[in-house]
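Student: Sequence and predicted model, in that order:
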Amino acid sequence: MGVQWFPGHMHLTRKAIAERVKGIDVVIEMLDARLPGSSANPMLAELTGERPALKILNKQDLADPQCTALWLAHYAGISQTQAIALDANMAAPAKALIEACHQLAPHRGGMAKPMRVLICGIPNVGKSTLINTLTRRRVAKTGDEAGVTKLEQRITLAPDFYLYDTPGVLWPRIIVATSGYNLAASGAVGRNAFDEQEVALQLLVYLRVHYPNALAARYKLAQAGQHTEEHLLEAIGRHRGAMAAGGRVDWQKAAEIVLHDFRCGALGRISLERPDEYARWLLEGQRLDAQRQLKKDALANKPRGRKTQQEPTE
């Protein structure tokens, strides 16, 4: 299975970003601190070009702090890029955000040259919640499902600081298979675009290797790292009472439990990727994508057999 989700309003958002970015000084991209690489939009990089970028690793309170530190160091090594980690419910994130933008665009500021900032991110990354925290009032609609914000809006954070909010947007084709699963596990993808059981099993593959103690503590599983993902999901279903008729485990309910527990932080502070891991996944995804394109081109250029016209009979 490949997780893909690009509703119609995202096409409009892409056009809106392309138009708006022409007058923007800094681009803020909100990332999920649990999956920074997978939640970074390659389409956004194409649209914004060489403009200074501020990466906000949101939901840091749910992420593994050691992994978050690795990602902050990774972004610190990229030209014209800064990164900060926060969670959208922090009391005063506005100061850090505004200071970082001024460092990236020191020539902007004051009423004559107000700072113009575009904030983007994938669906359900917490962008609207952050904006409401920044403004200390409810100016952006929030929700626990992907695709809540549908329209662009301008928000004044200071007399000379304008923030342009855009709807959450993914990209037309996700070439890194693991990224698709991670995005689905995080809640960034619409529910109808993936199979919960398959995503939960993929999540357990990673957790049993990197966070077996978290699984053991949450679901009372001995030696969680030594079991297959199917066995783990079965055991979790029995432990949590996700049962169907005849004493069978309801795998759908068990999968929903695992995904919910990851998303809300009940499993503890967990990250699904490190910079080096994501770099490997991306290279493999690009390799496979190039192979698919070669096959597609070969089929398109394949000569078609000439049809011979049948001679008329006397």
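Tutor: Ah, there it is. Numbers count the residues shown, from 1 in each chain.

Student: All the strands of the stretch 51-200 of the chain, in order from the start?
Tutor: 53-58, 81-85, 115-121, 153-158, 161-165 (DSSP state E, counting those that start in this stretch).

Student: burial of residue 268, as a residue count?
Tutor: For residue 268, the neighbour count with other CB atoms under 10 Å is 15. Where C-beta positions appear, they are placed from N, C-alpha and C, glycine not excepted.

Student: For stretch 261-274, give the mean pLDDT please.
Tutor: When pLDDT is averaged over stretch 261-274, the result is 97.

Student: how long is that stretch end to end?
Tutor: Start and end residues of stretch 261-274 are separated by 21 Å (CA to CA, to the nearest Å).

Student: Pull the residues that contact that stretch.
Tutor: Here stretch 261-274 makes contact (CB atoms under 8 Å, 6 or more residues apart in numbering) with 33-38, 61-65, 67-68, 70-71, 178, 182, 185-187, 203, 206-207, 210-211, 214-215, 217-218, 260, 281.

Student: Can you name the helix or strand that the spatially closest residue to residue 242 that is not a sequence neighbour falls in?
Tutor: Excluding the flanking residues, the one nearest residue 242 by CB to CB, 6 or more residues apart in numbering is residue 253, at 3.6 Å. Per DSSP states H and E: residue 253 is located in helix 251-264.

Student: tally of neighbours for the residue nearest to residue 242?
Tutor: The local packing of residue 253 (other CB under 10 Å) involves 17 other residues.

Student: I'd like the numbering to begin with 293 instead of 1 from here.
Tutor: All right, first residue 293 from here; so that's residue 545.

Student: returning to what we had before: report the distance from the helix holding residue 545 to the chain centre.
Tutor: Taking CA atoms, centre = their mean, to the nearest Å, one finds helix 543-556 lying 18 Å from the centre of the chain it belongs to.

Student: possible to save the strands of the stretch 343-492 of the chain as CSV with mean pLDDT, distance to residue 424 and mean neighbour count?
Tutor: As requested, the strands of the stretch 343-492 of the chain are exported to CSV (pLDDT from 0 to 100; distance: least, CB to CB, whole Å; neighbours: other CB atoms under 10 Å):
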stretch, mean pLDDT, distance to residue 424, mean neighbour count
strand 345-350, 95, 13, 25
strand 373-377, 94, 18, 19
strand 407-413, 92, 13, 24
strand 445-450, 85, 10, 14
strand 453-457, 90, 11, 21
